[in-house]
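# Fold the following, please.
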Amino acid sequence: MRAGWLAGWLAGWLAGWRNKLGEIMEHNALLDPTFGEPTSPMEKITHIELTGIQCEEAKPRSFNTNSAFQSYDVETSYGTVHVAMQGDKTKPAIFTYHDIGLNHVTCFQGFFNYIDMQAIMKHFCVYHVNAPGMHEGAINLSPTFVYPTMDELAESVLTVADYFEVKRFIGFGVGSGANVLTRFALTHPTRVDSLVLVNATSTKPGWIEWGYQKMNSWYLWSGQITNFTEEYLLWHWFGSKTRWVNHDLVHVYKDYIKSINPQNLSFFIESYLRRTDLNVMRELDPIKKATTRTVKCRSLMLVGDDSPHMDDVVDMNGRMNPEETDFMKIADCGGMPLEEQPGKVCEAFRLFLQGMGYIPTVKSGRVNYSPTAAPAPAPVNNNSKQPVNNNCIRTLDVSEFTSQSVC
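From the prediction side, this is the model:
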């Protein structure tokens, strides 16, 4: 009796819920299994075949050694210097100098061939200077060859400038190349219009750098590129973050390392390890400033916010003349801004050149070169009469194009 009553109660309860669910289905189209089905011939859904669409994979970054370069071998007092010229010789000159382990192709080709740079390149002639034995396809230097010091490498730039009859030029250096061009500007200030320095350093090597580079030099001199050397070069070029984020770019340079002449690179590393302090100093006293050793031309210092050379660049910026130096930290970038953020570097370079009086009518190649890019502002007037806090570093976040002061 009790069981029969319980069974009847459950049957009634289920029937009630079935009726209630039916009412909900009537008023809620999302729960109706027939929702979306065509109710008339005009609403009939047709399936489009995607047979005419072809998918193509993006081509990986590669180095083109057959670019429009005119190659010259210039004999200097410190060995033969390979120079690759790009552009019209009658235009103002830009001299580039590469970092250790790189050459004019792997260090500058991607940036100067970048689409936004083409409007600038029409107005300049670029001379890519390679350190002795560091150009593409270089043969082994003689074991008795005395590799030039950093100061002598700077003097070889003077020979190159005289060879091409260039009276003044804009220097564009990366890493060790920035150190070479800075030495040239200190020794021959009348031959340099301005400097663009990426990952520049002004001090002697520390003990950690000396130890790592000394081991690299020993391995390379034996004619082999070990995993230790490969890892160090990738860290030196990109830093830690970029290596794990931008795999495609790092893979291209990892393959390039296999083509480096190890013995010639050993010479260059030894020369860079023997570099002396630039002995530049920031002097704020107007009377003492005239006799202080400092870079007298306009300078733009660039570094990525994740660069392994950030401390060296900040230290050098603190020793430069604040009235003639702009410091720019590039967001979302590691140790190789020319490859990682060419659009931002190009925009900064354009504004810097316009501040020098060059290319006044050239606008940004592509105003919206990235989805989040902001409109480019007018060039910053560095001669403003507003009081300057000499204890601060004036910076420009190129990703947002907003001025900052970092005390």
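
# Contact partners for residue 340?
238, 242, 246, 249, 304, 332-334 (Cβ atoms under 8 Å, 6 or more residues apart in numbering). The C-beta positions use only the backbone N, C-alpha and C, and glycine is treated the same way.

# of these, closest to residue 186?
Closest to residue 186 out of the contacts of residue 340 is residue 304 (25.5 Å), distances taken as Cβ to Cβ.

# Quick check: which element contains the closest residue to the closest one other than its chain neighbours?
Using Cβ to Cβ, 6 or more residues apart in numbering and skipping residues adjacent in sequence, the residue nearest residue 304 is residue 333, 3.2 Å away. When elements are assigned from DSSP states H and E, residue 333 belongs to no helix and no strand.

# do the same with residue 339
In the assignment (DSSP H and E), residue 339 maps to helix 337-340.

# can you check residue 180 too?
Per DSSP H and E, residue 180 falls inside helix 176-187.

# Sort out which residues of that helix are buried, please.
For helix 176-187, burial by neighbour count (16 or more other Cβ atoms under 10 Å) applies to 176-186.

# Let's have these in TSV, adding pLDDT and distance to residue 153.
Converted to TSV, the buried residues of helix 176-187 look like this (pLDDT from 0 to 100; distance: Cβ to Cβ, whole Å):
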residue	pLDDT	distance to residue 153
176	97	9
177	98	9
178	98	12
179	98	9
180	98	5
181	98	10
182	98	12
183	98	8
184	98	9
185	97	13
186	97	13
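
# For residue 327, state which of these is nearest.
Distances from residue 327 to the buried residues of helix 176-187, taken by Cβ to Cβ, are shortest for residue 178, at 13.4 Å.

# List the residues that contact that closest one.
With Cβ under 8 Å, 6+ apart, residue 178 has these contacts: 97, 195, 197-201.

# hmm, try it at 6 Å
197, 200 (Cβ atoms under 6 Å, 6 or more residues apart in numbering).

# how close does it get to residue 196?
8 Å (Cβ to Cβ, to the nearest Å).

# cool, and residue 341?
For residue 341, the distance to residue 196 equals 14 Å [Cβ to Cβ].

# Next one, pLDDT for the closest residue to residue 114 other than its chain neighbours please.
Spatially, and ignoring its direct neighbours in sequence, residue 114 is nearest to residue 342 (4.5 Å; Cβ to Cβ, 6+ apart). Note for residue 342: predicted pLDDT of 96.

# Would you mind pulling the contact partners of stretch 302-321?
Taking Cβ under 6 Å, 6+ apart as the rule, stretch 302-321 contacts 198-202, 239, 241, 280-282, 294, 301, 327-331, 333-335, 337.

# Under the pLDDT cut-off, which ranges of the stretch 251-400 of the chain? List them.
Within the stretch 251-400 of the chain, the segments meeting pLDDT under 70 span 365-400.

# now with 90?
Along the stretch 251-400 of the chain, the parts satisfying pLDDT under 90 run over 283-292, 360-400.

# Helices of that one, start to end?
Per DSSP state H, counting those that start in this stretch, the stretch 251-400 of the chain carries helices over the ranges 262-273, 286-289, 310-317, 337-340, 342-355.

# wait, which of those is closest to residue 11?
helix 337-340 (71.5 Å).

# how about the strands in the protein?
70-76, 79-87, 93-97, 125-129, 169-174, 192-198, 298-304, 325-330, 393-397, 402-406 (DSSP state E).

# Go ahead and flag the most central residue of the protein.
Centroid-nearest residue in the chain: residue 337, 1.2 Å away (criterion: Cα atoms, centre = their mean).

# roughly how far apart are that residue and residue 343?
10 Å.

# Residue 98 too?
Counting by Cβ to Cβ, the gap from residue 98 to residue 343 is 21 Å.

# Looking at these two now, which is surrounded by more residues?
More crowded of residue 98 and residue 343, by other Cβ atoms under 10 Å: residue 98, with 26 against 19.

# Which residues are in contact with that one?
107, 177.

# From residue 68, how far off is it?
Residue 98 sits 19 Å away from residue 68, going by Cβ to Cβ.

# what does residue 305 give?
Going from residue 305 to residue 68 by Cβ to Cβ gives 34 Å.
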